[in-house]
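Asker: compute the structure for the input listed below.
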Amino acid sequence: MDANITRERATHPKPTVLSDFILGSQDGIVNVLGIILGLSAATRDVRIILVATLAALGAESIAMGAVAYTSTRARRRLYLSQAVQERREMNEVPQTERDEVRDILSGWGYKDADLEEIAERICRNPTAELEFMMSFELKLSPVEAGAPRASAFLVGTATVVGHFIPLSPFFLVGSDVLLGAVLAILLSGVALFGIGWYEAKITVGSWWREGLEMLLIGLGGGVAGYVIGRLVGAA
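Answerer: Numbering: from 1, shown residues only. Have a look, this model is predicted:
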């Protein structure tokens, strides 16, 4: 059974990897689809669409990677600063910290001798006490030193891949902007539904519901782009 659990865990990505993948890929698809539909409503020049979307690809993939880097680094710095504060409190007011451990355990249903025994075991080990308080009092998770760079790379790469999904038809359809837009919608819809399906597969929930939700959210951005393009084109 232990081998099966280990094997199952190995096939599931870390929560941060999943969220970074969804963030980058969905953002890339939705933004470029919105640009494509907006421009296709205002112009029939494929070159303008390609230039605009490729420019957006370069700018946004860098921007998304930078945001992922700074936000992950901020989470790491917050965790480290709170850990320093927690260690200081463990040294200066150990009884207060012990009472906080007991309060958490009491909220879990432990009472009397069991409560005291578990609290004693945790507080006897400073490392265990620190990690316990960081996780269950402050609700913070550790962030590895290399996580900001890894997050930036994954989000940036997923954004690039997401951009190319709705953009790819325009390399094949020649000057037919309408056909390119229709194919962009179809490919984007399939990809967005697939992202939702994958999320449900490795987490919990209905695969069709998650897929449909992701599809509707993504295509909503495209519709907004199309409406704006129509208004600008009419003006």
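
Asker: let's test this: mean pLDDT of the helix with the most length in the chain, rounded?
Answerer: Longest helix in the chain, counting residues (DSSP state H): helix 46-92. Across helix 46-92, the average pLDDT comes to 94.

Asker: other SSEs contacting that helix?
Answerer: Packed against helix 46-92 by the contact rule (3 or more CB pairs under 8 Å, 6 or more residues apart in numbering; DSSP states H and E) you find helix 15-42, helix 94-107, helix 126-136, helix 147-167, helix 177-202. C-betas here are computed from N, CA, C, even on glycine.

Asker: buried stuff in the last one?
Answerer: If I follow you right, that is helix 177-202. Going by neighbour count (16 or more other CB atoms under 10 Å), the buried part of helix 177-202 is 177, 180-181, 183-185, 187-189, 191-193, 195-200.

Asker: with the longest one instead?
Answerer: Within helix 15-42, the residues scored as buried using 16+ other CB under 10 Å are 16, 19-42.

Asker: one more: the third one?
Answerer: For helix 126-136, the neighbour count (16+ other CB under 10 Å) marks E129, L130, F132, M133, M134 as buried.

Asker: how about the second one?
Answerer: Buried positions in helix 94-107, judged by neighbour count with 16+ other CB under 10 Å: E97, R98, E100, V101, R102, I104, L105.

Asker: dump those residues into TSV; add distance to R73 as well.
Answerer: As requested, the buried residues of helix 94-107 are exported to TSV (distance: CB to CB, whole Å):
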residue	distance to R73
E97	28
R98	33
E100	28
V101	30
R102	35
I104	29
L105	33
